[in-house]
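Asks: A structural model of the following input is requested.
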Amino acid sequence: MDFVEEFETDRLLIRSPRWGDGAAVNMAIRESIDELRPWMPWAKHLPTIDETEENVRVARLKFLERSELRLHIYHKETGAFVGGSGLHRIDWEAKKFEIGYWIRTSQSGKGFMTEAVEGITDFAIRSLLANRIEIRCDSTNTRSARVPERLGFTLEGMLRNEACDVSGSLRHTMVFAKVRGFEF
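Replies: The predicted structure follows:
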């Protein structure tokens with residue numbers, strides 16, 4: 001399936017991972033590790049630049065395979081790495097995607113993630129012909145939950161004791177969705 005590897009919103013460039021992105025991504029992870037650790041299992045340990053570059057290269061290959069579509073978010077004017085997102089848990093037959101995201105601490109509170117997720121949602125609808133787009137988050141992660149709320153995603157339910165959080169405790173997962181024929 002062919003589709004663009006990058007697109008823009010008003011303030012952001014959103015694109016597939018590229019070899020060499022590791023240093024910028026690693027710098028953002030280092031800056032944001034304290035905010036990421038409670039929510040992101042991959043943030044349990046601070047990666048080296050080489051480990052992050054390896055992770056980026058694997059993400060690039062998955063993007064090319066279309067098995068996972070990680071996306072990097074950059075500020076158009078400054079070129080600064082803002083955060084990560086992407087389309088995960090892809091079901092190409094049903095055209096179902098899950099959007100995940102994280103933002104660099106210094107870029108938080110500026111509306112960048114809401115703008116990015118809106119752009120990614122539009123990309124999934126227009127370019128990938130999505131029938132269903134989900135956003136899932138820990139029920140206690142109120143900042144993350146505000147993004148789908150702002151964008152008109154429907155809270156379809158709460159999966160109680162659905163998964164373990166990063167500390168190993170059971171957590172509830174909120175499931176937000178936009179569905180073709182309902183929200184778009």
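Asks: for P17, what are its contacts?
Replies: V56, R57, A59, R60, F63, R70, L71, H72 (CB atoms under 8 Å, 6 or more residues apart in numbering). No exception for glycine: its C-beta is placed from N, CA and C like everyone else's.
Asks: What separation is there between it and V147?
Replies: 21 Å (CB to CB, to the nearest Å).
Asks: What is the burial count for M174?
Replies: 22 (other CB atoms under 10 Å).
Asks: and stretch 33-42, which residues are buried?
Replies: I33, E35, L36, R37, W39, M40 (16 or more other CB atoms under 10 Å).
Asks: quick check, nearest of these to L170?
Replies: Ranked by distance to L170 (CB to CB), the buried residues of stretch 33-42 are led by W39 at 15.2 Å.
Asks: any idea how far A177 is from E93?
Replies: Between E93 and A177 the computed distance is 17 Å (CB to CB).
Asks: just A163 next, same as before
Replies: For A163, the distance to A177 equals 18 Å [CB to CB].
Asks: L129 too?
Replies: For L129, the distance to A177 - CB to CB - is 16 Å.
Asks: Give me the more crowded residue out of the two.
Replies: Neighbours per residue (other CB under 10 Å) separate L129 from A177, with A177 holding more: 19 against 10.
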